[in-house]
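# I would like to see how this sequence folds:
(one chain, ligands or ions: 2)
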Amino acid sequence: MKFGVEGRSRKVGELSKRIRHRSESVELSRAFGRVLAQPLRADQDQPPFARSTRDGFACRAAEASAHGTLRIAGSTHAGEAPAGPLPPSSAWEIMTGAPVPAGANAVVMLEHVENTGGNVRLLPPRLIQAGDNIVAQGAQARAGDELLSAGVVLGAAQIALAASCGCNPVDVSIRPRVAILTTGDELVPIDTTPGPGQIRNSNALMLAALVENAGGEPWVLPTAADTAKALDDSLSEAADADLLLISGGVSAGKFDLVEPALARIGARFHFTGVRIQPGKPLVFGELPGRDENSGASTHASTLPFFGLPGNPISSAATFLLFAAPVLSALAGSRESGPRFALARLVREAGTKGKSDLTRFLPARCDFSPPSGQLPHVETVPWHGSGDLAAFARSNCFLVVPESAGLLEAGSTVRMLLF
Ligand code: AMP
Ligand code: MG
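Numbers count the residues shown, from 1 in each chain. Ligands and ions are numbered 1, 2, ... in the order given. Predicted coordinates:
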């Protein structure tokens, strides 16, 4: 079965609907990047009192706009309890963030009045309207309002909002445990000098970094050799994971033994190839889970898996396009799609002639173009999908649609961000 890039969303979406999320309570100070498990509600009105947004004088707008002299009747600074009431024909000195005294309906800015010791006057021809420079009590939210729904990822702004509501500790989804199984007789650990024909295992840590970035907890398993026995043993070790990533061994070669090993333990395959390059041999499916009580194998709870092609750039691209959305869904997030953006292509890219594969070329995007322009992007010269040096110089993939051949300089193109 071969899926186009768009086909993924259906299969991945079907899986996400069946996921049950578990949550835990964490200190808000440790919750950055976590996924909210319960809606966040306002514990009180926001703002909790009518608040001045300026240093100046609280007044009645109609009186101030008549440009008469107003007597300064009192003063409130930020942190003081609401004061007042404001007597007629008066103004009340007020600082930014302070509660507006009862009776006032606007704040004139310090810079806009004539202050004659004890009295102020709004300088003509300036006028002021009711509500100016005041945020009314509850204007942002009323006590009990839902401010964030479950499934939102806690970034800096969401942490600030939770802090303002005193939401500490906060309920977040438990990070899915993602088993990372690298396969290949040629792989040696990173602190070993490779012998003839060997290479260091770079995918394990690359995938761990991608997993962490997508909200998962990486669990790197020992590398499996290219034998049926080694794969069977490693797969049984991974059974407790929430998601399984296998790198390598899914192409058509003589030692590509991953698919048969998965089939031996009852895998259901959703697809065994995608119309993309690099990454065509990608495999996606589910393994039977274990019944929580009896320990028996069951399809009621399953272990989703991806067989990622071993070439590092293929592994990264297929992870971003296919595995990251499943991982986000497992993490309880509603923000689960791969991230695309538009840019202006600086130099022509792609190759002449159409392909039936959507291509993902390592590219470098300048996200700070001259004002008013789209980001600028150009491909990074590379020697195929094992070229880690080129990959490390890139910060996105340029998407070449399957119907396109060469993309012209100056055209608007799509990027897959990472
Ligand atoms: P495979 O998908 O197993 O056929 O591997 C394709 C290419 O990726 C081969 O050149 C492998 O040596 C390389 N490769 C496979 N696994 C890894 C890994 N964990 N780290 C770096 N390169 C790898
Ligand atoms: Mg291999």
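
# List the buried residues of stretch 294-309.
302, 303, 304, 305, 306, 307, 308, 309 (16 or more other C-beta atoms under 10 Å). To be clear about C-beta, it is placed using only N, CA and C from the backbone, and glycine gets the same treatment.

# Check the offset of that stretch from the chain's centre.
Here stretch 294-309 is found 26 Å from its chain centre; the criterion is C-alpha atoms, centre = their mean, to the nearest Å.

# now that stretch: mean pLDDT?
For stretch 294-309, mean pLDDT is 86.

# still on that earlier bit, nearest to ligand 1 among the buried residues of stretch 294-309?
residue 309 (4.7 Å; C-beta to the nearest ligand atom).

# Can you name the residues that contact that closest one?
When contacts are counted by C-beta atoms under 8 Å, 6 or more residues apart in numbering, residue 309 is found next to 247, 248, 250, 251, 278, 279, 280, 281, 282, 315, 318, 385.

# Check which helix or strand residue 326 maps to.
Secondary structure assignment for residue 326, by DSSP states H and E: helix 324-330.

# Now for the residue in the stretch 301-418 of the chain that ligand 2 sits nearest to, how many residues are close by?
At 4.9 Å from ligand 2, residue 310 is the closest residue in the stretch 301-418 of the chain, using C-beta to the ion. A count of nearby residues for residue 310, using other C-beta atoms under 10 Å, gives 24.

# Grab the nearest non-local neighbour of it.
residue 248 (3.1 Å; C-beta to C-beta, 6 or more residues apart in numbering).

# Is it correct that that neighbour is in contact with residue 181?
No. At 9.1 Å, residue 248 does not count as touching residue 181 under the criterion of C-beta atoms under 8 Å.

# that older thread, please report the distance of the residue nearest to residue 310 from residue 300.
30 Å (C-beta to C-beta, to the nearest Å).

# which bits of the stretch 51-200 of the chain sit near ligand 1?
182, 184, 186, 187, 199 (C-beta under 6 Å from any ligand atom).

# try 8 Å
Residues of the stretch 51-200 of the chain lying close to ligand 1 by C-beta under 8 Å from any ligand atom are 182, 183, 184, 186, 187, 199, 200.

# Of the residues you listed, which is the nearest to residue 127?
residue 182 (71.0 Å; C-beta to C-beta).

# which residues does the closest one contact?
201, 203, 204, 221, 223, 224, 246, 247, 248, 310.

# hmm, who's touching the helix or strand where the third one lies?
Just to be clear, that refers to residue 204. Secondary structure assignment for residue 204, by DSSP H and E: helix 203-213. By C-beta under 8 Å, 6+ apart, the surrounding residues in contact with helix 203-213 are 178, 180, 182, 190, 217-218, 220, 223, 245, 247-248, 308, 310, 312, 315-316, 319-320, 324, 327, 418.

# Quick one: buried ones out of the residues you listed?
178, 180, 182, 218, 220, 223, 245, 247-248, 308, 310, 312, 315-316, 319-320, 324, 327, 418.

# Show me what the helix holding residue 326 is packed up against.
helix 7-17, strand 243-247, strand 297-308 (3 or more C-beta pairs under 8 Å, 6 or more residues apart in numbering; DSSP states H and E).

# hmm, 6 Å instead?
Where contact means 3 or more C-beta pairs under 6 Å, 6 or more residues apart in numbering; DSSP states H and E, helix 324-330 is packed against helix 7-17.

# hmm, back to that, from the contacts of helix 203-213, which ones fall inside helices?
312, 315, 316, 324, 327 (DSSP state H).

# Is residue 382 in a helix, a strand, or coil?
Secondary structure state of residue 382, per DSSP: H, G, I helix; E, B strand; the rest coil, is coil.

# give the contact list for it.
Residues near residue 382 by C-beta atoms under 6 Å, 6 or more residues apart in numbering: 362, 390.

# any idea how far the residue in the stretch 51-200 of the chain that ligand 1 sits nearest to lies from ligand 2?
Nearest residue of the stretch 51-200 of the chain to ligand 1: residue 182, at 3.9 Å (C-beta to the nearest ligand atom). For residue 182, the distance to ligand 2 (C-beta to the ion, to the nearest Å) stands at 9 Å.

# Relative to residue 348, how far out is residue 277?
From residue 277 to residue 348 the distance is 18 Å (C-beta to C-beta).

# For these two, work out which one has more neighbours and name it.
residue 277 (18 against 13).

# What score does that one have for pLDDT?
Taking residue 277 on its own, its pLDDT is 94.

# now residue 336
Reported pLDDT for residue 336: 76.

# I'd assumed residue 327 was in contact with it.
No. With contact defined as C-beta atoms under 6 Å, residue 336 does not count as touching residue 327 (8.4 Å).

# Next, count neighbours for residue 44.
Residue 44: 16 neighbours (other C-beta under 10 Å).

# so where does it fall, helix or strand?
Per DSSP H and E, there is no helix or strand for residue 44.

# From residue 205, how far off is it?
46 Å.

# Going along the chain, name the strands of the stretch 251-400 of the chain.
Assigned by DSSP state E, counting those that start in this stretch, the stretch 251-400 of the chain shows strands spanning 268-271, 276-277, 283-290, 297-308, 340-345, 349-350, 358-366, 376-379, 396-400.

# To residue 90, which of those lies closest?
Here strand 340-345 is closest among the strands of the stretch 251-400 of the chain (C-beta to C-beta), at 54.6 Å.

# Contact partners for residue 198?
186, 188.

# Recalculate using a threshold of 8 Å.
186, 187, 188.

# Among these, name the buried ones.
Judged by 16+ other C-beta under 10 Å, buried ones among the contacts of residue 198: 186, 187.

# Of the contacts of residue 198, which is the nearest to residue 239?
Scanning those for proximity to residue 239, where the rule is C-beta to C-beta, the winner is residue 187, at 22.5 Å.

# Could you check how far the closest one is from residue 200?
Distance of residue 187 to residue 200, given as C-beta to C-beta: 7 Å.

# One more: residue 309?
From residue 309 to residue 200 the distance is 18 Å (C-beta to C-beta).

# number of nearby residues for residue 199?
Neighbours of residue 199 (other C-beta under 10 Å): 11.

# Leaving out chain neighbours, which residue sits closest to it?
Nearest non-adjacent residue to residue 199 (C-beta to C-beta, 6+ apart): residue 186, at 5.6 Å.

# got the contact list for that neighbour?
Counting by C-beta under 8 Å, 6+ apart, residue 186 has contacts 197, 198, 199.
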